[in-house]
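Novice: Have a look; sequence and predicted model below, questions after that.
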Amino acid sequence: MSHYLGIDWSDKKHDLCLLNQEGRILSQFTITHDMKGFQVLAATLKTLNDVQINLERSDGLLVDWLSSQGWPVYVTPPIVLAHRRPRRSKDDRGDAYLLAHLLRMQDLECRPLILHSEIVHHLKQLAQAYDGVLQEQRRLSNRLTYLLKQYYPTAVRAFSMPNKLIALTFLERYPTPEAAEATTVKELHDFLKAQHYPGNAERKSVQLYAHLHTPMPTSRMQAGLVEHVQVLIPLLRSLYHSRSGLDKRMLQVFDSHPEADWWRQFPGAGPLTAARLLAWIGDNRDRFPSAQVLQAIAGTAPITRRSGKQHSVEFRSACCHPLRKAMDDLARESLPKSGWAQAYFQEQLAAHRKPARAYRALANRWLAIIWKLWKTGEQYDEAIHLANRSRRGREPVGEQQIA
């Protein structure tokens, strides 16, 4: 006889509900989130001949332990559980029952747990850390720019970006407009050389000297603003080094995966983009049964709604945002390297679609190609896609479009 176990997740304890094949509650109990609690669960599971387990999440110590013991694990997304739950009803024991019930009823949203290789899991954690550092770096950079504009606007435009290491060191050396105005061209030239400025230091020092001597009024809040900026500088410098270290580590882990070269083959898939695609798509072919599922999860495919005579196409907001960003990067970088991609993008623009939507449409096409080749293990061949374009009666792609 089949049994169905629903587990409501919590940080310190888990509520469980066990149903039989007829839907009768056999047991409801709670375990602690530690090895002692897991052993209590194991003692219960070992008494059952056939049991399936349903949870709300696909990661964590409990999921890892259940998988290592060989029990079949299913995952139901929390948003699905919220929709299936009776209105205004939220109870841990009730959620555990609902998870078991949905699994017993073979709800389509109860999907088998998909496990990827350890390299992919490692790479995914690094990708998440990278995205977090990037987001924090952007947030603090915006704050730095906002503060500088209030008392030191010339510093904002002194270098290409105020969060670069050379710009941060400049703010430490010359924290106020008055300090910057007191410098000479030679001092600025020496500063640029000491910071290994990549361009022409002599020309840049002259330009910088003239720029820093642009007349500006003095802010009455300057003293406090200067101290605020000095607090941000070490934080931004630390984030810069963390991001650089993550870049290198992600590539090291990515290179250790047997499919690394396969992911690099796509036009525009630089090392970091290819690594992010592997991290978010994974290496388990069972995760995406169709290209449409992959496109929906990536957020490149719109949502189509039909009701009677009404029909609407809407932007898909609920998706894997890091994967969507990686695909957007691939679409943008593929334009100068892929003839059919450039032609398709221009067709989208000619159809009066905004650039963001055109990039998303191109990313959607790339995902269809990637999924098909990913399933079969075949290599990407630009000539095949150019030939397919010709068969569909599209305008041939010239060499100038690929350059």
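Specialist: Arrived safely. Source: prediction; values computed, not measured. Residues are numbered from 1 along each chain as shown.
Novice: For the spatially most central residue of the chain, give me the pLDDT.
Specialist: Centroid-nearest residue in the chain: Pro322, 1.7 Å away (criterion: CA atoms, centre = their mean). Here, the pLDDT recorded for Pro322 equals 94.
Novice: what about the strands in the stretch 51-200 of the chain?
Specialist: 73-75, 111-112 (DSSP state E, counting those that start in this stretch).
Novice: Low-confidence stretches in the stretch 251-400 of the chain?
Specialist: Filtered on pLDDT under 70, the stretch 251-400 of the chain yields the residue ranges 307-309, 311, 393-400.
Novice: all helices of it, in order?
Specialist: Remark: helices assigned in the stretch 251-400 of the chain by DSSP state H, counting those that start in this stretch are 260-264, 271-281, 291-298, 321-334, 339-350, 355-376, 382-391, 399-402.
Novice: What of the stretch 1-150 of the chain?
Specialist: Going by DSSP H, counting those that start in this stretch, the stretch 1-150 of the chain shows helices at 35-45, 61-68, 78-84, 92-104, 118-151.
Novice: Buried residues in stretch 351-369, which are they?
Specialist: Ala358, Tyr359, Arg360, Ala361, Leu362, Ala363, Asn364, Arg365, Trp366, Leu367, Ala368, Ile369 (16 or more other CB atoms under 10 Å). In this view, the C-beta of every residue, glycine as well, is placed from N, C-alpha and C.
Novice: doesn't Asp381 make contact with the last one?
Specialist: When you say that, I think you mean Ile369. No. Counting by CB atoms under 8 Å, Ile369 does not reach Asp381; the two are 10.3 Å apart.
Novice: Save the strands of the stretch 51-200 of the chain as a markdown table, and put in mean pLDDT too.
Specialist: Putting the strands of the stretch 51-200 of the chain into a markdown table (pLDDT from 0 to 100) gives the following:
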| stretch | mean pLDDT |
| --- | --- |
| strand 73-75 | 95 |
| strand 111-112 | 92 |
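Novice: Redo these as TSV? Include distance to Gln207 and mean neighbour count.
Specialist: Listed next are the strands of the stretch 51-200 of the chain as TSV, based on distance: least, CB to CB, whole Å; neighbours: other CB atoms under 10 Å:
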stretch	distance to Gln207	mean neighbour count
strand 73-75	57	21
strand 111-112	59	14
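Novice: quick one, which of these is nearest to Trp263?
Specialist: Of all the strands of the stretch 51-200 of the chain, it is strand 111-112 that lies closest to Trp263, at 24.4 Å by CB to CB.
Novice: if we can go back for a sec, redo the strands of the stretch 51-200 of the chain as JSON lines? Include distance to Asn200.
Specialist: As requested, those are exported to JSON lines (distance: least, CB to CB, whole Å):
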{"stretch": "strand 73-75", "distance to Asn200": "57"}
{"stretch": "strand 111-112", "distance to Asn200": "58"}
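Novice: Of the ones you listed, which is nearest Thr169?
Specialist: Of the strands of the stretch 51-200 of the chain, nearest to Thr169 by CB to CB is strand 73-75, at 48.0 Å.
Novice: Which strands or helices does that closest one pack on?
Specialist: In terms of contacts (3 or more CB pairs under 8 Å, 6 or more residues apart in numbering; DSSP states H and E), strand 73-75 is packed against strand 50-55, helix 61-68, strand 111-112.
Novice: out of those, deepest packed?
Specialist: strand 50-55 (a mean of 20; mean count of other CB atoms under 10 Å).
Novice: ok, so of the buried residues of stretch 351-369, who is nearest His33?
Specialist: The closest of those, once distances to His33 are taken by CB to CB, is Leu367, at 37.1 Å.
Novice: For the residue lying closest to that closest one once chain neighbours are set aside, give me its contacts.
Specialist: Nearest in space to Leu367, with sequence neighbours left out and distances taken as CB to CB, 6 or more residues apart in numbering, is Gln295 at 5.0 Å. Gln295 makes contact with Ala301, Asn364, Leu367, Ala368, according to CB atoms under 8 Å, 6 or more residues apart in numbering.
Novice: how does it look with 6 Å?
Specialist: Residues counted as contacts of Gln295 (CB atoms under 6 Å, 6 or more residues apart in numbering) are Ala301, Asn364, Leu367.
Novice: Take these and write them to CSV, including distance to Ala269.
Specialist: CSV is the format used below for these (distance: CB to CB, whole Å):
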residue, distance to Ala269
Ala301, 20
Asn364, 16
Leu367, 13
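Novice: quick revisit: so which of the helices and strands packed on strand 73-75 is nearest Asp91?
Specialist: Closest among these, once you apply CB to CB, is strand 50-55, at 16.6 Å.
Novice: rewinding a little: and the helices of the stretch 1-150 of the chain, which is most packed in?
Specialist: helix 92-104 (a mean of 21).
Novice: for that helix, packing partners?
Specialist: strand 2-8, strand 13-20, strand 50-55 (3 or more CB pairs under 6 Å, 6 or more residues apart in numbering; DSSP states H and E).
Novice: now the angle from the shortest one to helix 92-104?
Specialist: The reference is to strand 50-55. 120 degrees (axes from the mean of the first three to the mean of the last three CA atoms, to 10 degrees).
Novice: go on, the second one?
Specialist: Note on geometry: by the same axes, to 10 degrees, strand 13-20 and helix 92-104 are set 40 degrees apart in direction.
Novice: buried set for strand 13-20?
Specialist: For strand 13-20, by 16+ other CB under 10 Å, it's His14, Asp15, Leu16, Cys17, Leu18, Leu19.
Novice: I figured the last one hits Tyr4, correct?
Specialist: In other words, Leu19. Yes. Using CB atoms under 6 Å, Leu19 is in contact with Tyr4, at 4.6 Å.
Novice: between those two, what contacts are shared?
Specialist: Joint contacts of Leu19 and Tyr4 (CB under 6 Å, 6+ apart) are Ala100, Arg104.
Novice: Could you check how many residues crowd around Ser238?
Specialist: Neighbours of Ser238 under the rule other CB atoms under 10 Å: 13.
Novice: Can you verify it is assigned to a helix?
Specialist: Yes. Membership of Ser238 in a helix is supported by DSSP: H, G, I helix; E, B strand; the rest coil.
Novice: now it: how far from Glu136?
Specialist: 10 Å (CB to CB, to the nearest Å).
Novice: Could you do Lys193 as well?
Specialist: Distance from Lys193 to Glu136, by CB to CB: 31 Å.
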